[in-house]
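Undergrad: from the sequence below, what's the structure:
(one chain, ligands or ions: 1)
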Amino acid sequence: MKPQAFAQLQAVQQEHWWFRHRQRLLCQWLDPLFPKPVTRVLDFGCGSGSNLSLLGSFGPVVGLDPSLTGLTLAKGVYPQASLVQGDGNQVARLFAPASFDLIGVFGVLYHQNIQDPLQVLQQLQQLLAPGGYLLLAEAAFPMLYRQHDRQAAGARRFHPRQMVTLLEEAGLLVERSTCWNLPAFFPAALLALVDNLLLQEGDTIGELTLPPVWLNQFLYHLLTVESWMIGHGVSLPLGVSLMCLARKADETANCG
Ligand SMILES: C[S@@+](CC[C@H](N)C(=O)[O-])C[C@H]1O[C@@H](n2cnc3c(N)ncnc32)[C@H](O)[C@@H]1O
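TA: You can find the predicted model right below:
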C-alpha cells in the first residue's frame with residue numbers, strides 16, 4: 001500500500017459504513033469465544049491499527065506489519081499494542097510456536113505482497129496455541145476483482161470454498177464461514193464488468209472516501225439485517241467479502 005493510503009484509510013475507518021459493519025461482525029463472532037481475557041493476540045497485517053483496540057479487548061495484542069507508516073499510525077491509535085515491523089511471509093521466524101490464542105487476519109492475504117496465502121496460513125497455524133482461534137475477513141469472489149483492487153494493492157480475491165480449503169490444508173478446523181456485504185454483491189459484479197471493460201489504468205473509483213452522511217448511515221443500518229442474520233448463525237452464500245473462524249485442534253482432545 002502507498003504510504004498516503006494508510007492515512008486515507010485511517011481517516012475514514014471510524015465512520016465508514018463498511019468498516020463499522022465489519023467491526024460489528026467480528027465482535028459478534030469473537031465475544032462469545034473469549035469471555036475471559038486470553039494470553040496473547042496477533043493482528044497480522046495490522047496496517048494503521050483500526051482493529052487493534054477490538055483485538056486488544058481480548059488480551060495483550062501484538063500488531064505485525066511491514067509498513068513503518070502503518071505502524072506509526074497504529075501506535076497513535078492504540079499505544080498499548082506491541083508493534084512489530086516484519087514480513088508476514090516469514091511470520092513463523094518472528095514468533096515462537098504456540099504464542100497466540102487469537103490471530104486476526106483482515107484484508108491481508110488479499111495483498112500483493114503476500115506470496116503464498118497457504119504458506120502464510122500454515123505458519124499462522126504453528127503460531128496458534130492448541131485450541132486457539134484464527135479469525136479472518138478477506139475479499140470474496142475472484143470475479144469481483146477490478147480496478148479498485150489493483151489500487152488497493154490487492155492481488156487476489158478468494159472464493160469462499162477456496163478459503164475453507166486453504167484453512168483446512170493449513171491444518172485448521174473451520175468452525176464458521178460466511179460471505180458478508182450481500183447487498184453490494186450485484187452492484188460490485190456490474191462495476192467489475194464495467195471497470196474491466198472501460199477504465200484505464202490509474203482511474204479511481206474512490207471508495208476510500210466517506211459517502212454523504214445520509215448514505216453512510218443508510219448503508220450501515222441496511223446491513224443491520226445482515227449482521228442480525230450472521231449473528232444468528234446464518235451463513236450467506238454471496239457477498240463482497242468473506243469471514244471465517246477456524247480453530248487449532250486442542251491437543252488433549254486427540255488423546256483418547
Ligand atoms: C488492506 S490493509 C488491511 C490493514 C488492516 N488489517 C485493516 O483491516 O485495516 C492490508 C495490510 O496488509 C499488510 N501487508 C501486506 N503485505 C504483508 C506481509 N507480507 N506481511 C504482513 N502484512 C502485510 C499491508 O502493509 C497492509 O497494512
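Undergrad: phi, psi of the residue nearest to residue 154 when sequence neighbours are not counted?
TA: Leaving aside its chain neighbours, residue 154 sits nearest to residue 110 (4.7 Å; criterion: C-beta to C-beta, 6 or more residues apart in numbering). Placement of C-beta: from N, CA and C, glycine included. Main-chain dihedrals, residue 110, degrees, to the nearest 10: phi -70, psi -20.
Undergrad: can you tell me how far residue 110 sits from residue 216?
TA: Relative to residue 216, residue 110 is positioned 23 Å away (criterion: C-beta to C-beta, to the nearest Å).
Undergrad: more neighbours: the two, which one.
TA: residue 110 (24 against 17; other C-beta atoms under 10 Å).
Undergrad: who touches the more buried one in this structure?
TA: Neighbour list for residue 110: 138, 139, 149, 154, 155, 156, 157, 158 [criterion: C-beta atoms under 8 Å, 6 or more residues apart in numbering].
Undergrad: ok, which residues in the chain are in contact with the ligand?
TA: 1, 45-47, 50-51, 64-67, 70, 87-89, 106-108, 111, 113-114 (C-beta under 6 Å from any ligand atom).
Undergrad: so of those, which ones are in strands?
TA: Counting by DSSP state E, the part of the residues of the chain next to the ligand found in strands is 64, 65, 106.
Undergrad: now the longest strand anywhere in the chain: buried residues?
TA: Secondary structure of the chain per DSSP E: the longest strand is strand 128-139. Using 16 or more other C-beta atoms under 10 Å as the test for burial, strand 128-139 gives 128, 129, 132, 133, 134, 135, 136, 137, 138, 139.
Undergrad: show me what that strand is packed against.
TA: When contacts are defined as 3 or more C-beta pairs under 8 Å, 6 or more residues apart in numbering; DSSP states H and E, strand 128-139 packs onto helix 17-30, strand 100-106, helix 117-127, helix 160-169, strand 241-247.
Undergrad: how far off centre is it?
TA: Remark: strand 128-139 is offset 10 Å from the chain centroid, using C-alpha atoms, centre = their mean, to the nearest Å.
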